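Chemist: Predicted structure and sequence below. I'll ask about it afterward.
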Amino acid sequence: MLDYISVRDAAIKWGISERRIQKLCEEKRIDGVVRFGRSWAIPKDAPKPADGRLKENRKNSTLS
């Protein structure tokens, strides 16, 4: 598991909460994420997913 980081490490790296990372994993919004029992393994090089809750990050935004 040298190419993976924990939920805690990802939270620190991306500046968001551990719970938010867990939800992103559950929603399969992080490419290459793997579940081991009750834990998640996140690839070290995985990019931070866009936050779909924020208007400026939505793909189908109607901004002029």
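Modeler: Structure received. Numbers count the residues shown, from 1 in each chain.
Chemist: Residues in contact with the helix or strand harbouring residue 19: which ones?
Modeler: Following DSSP states H and E, one finds residue 19 within helix 18-26. With CB atoms under 8 Å, 6 or more residues apart in numbering as the test, helix 18-26 has contacts from 7, 8, 10, 11, 14, 30, 33, 35, 40, 42, 49. Yep, even glycine has a C-beta here, placed from its N, CA and C like the rest.
Chemist: Which of those has the largest number of neighbours?
Modeler: Most neighbours among those, by other CB atoms under 10 Å: residue 10, with 26 neighbours.
Chemist: Can you verify my assumption that that residue contacts residue 43?
Modeler: No. In this structure residue 10 lies outside contact range of residue 43 using CB atoms under 8 Å: 9.6 Å.
Chemist: what's the farthest-apart pair in the contacts of helix 18-26?
Modeler: Largest separation among these by CB to CB: 14 and 35, giving 18.9 Å.
Chemist: returning to that earlier point: can I get the contacts of helix 18-26 in JSON lines including secondary structure?
Modeler: Putting the contacts of helix 18-26 into JSON lines (DSSP: H, G, I helix; E, B strand; the rest coil) gives the following:
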{"residue": "7", "secondary structure": "helix"}
{"residue": "8", "secondary structure": "helix"}
{"residue": "10", "secondary structure": "helix"}
{"residue": "11", "secondary structure": "helix"}
{"residue": "14", "secondary structure": "helix"}
{"residue": "30", "secondary structure": "coil"}
{"residue": "33", "secondary structure": "coil"}
{"residue": "35", "secondary structure": "strand"}
{"residue": "40", "secondary structure": "strand"}
{"residue": "42", "secondary structure": "strand"}
{"residue": "49", "secondary structure": "coil"}
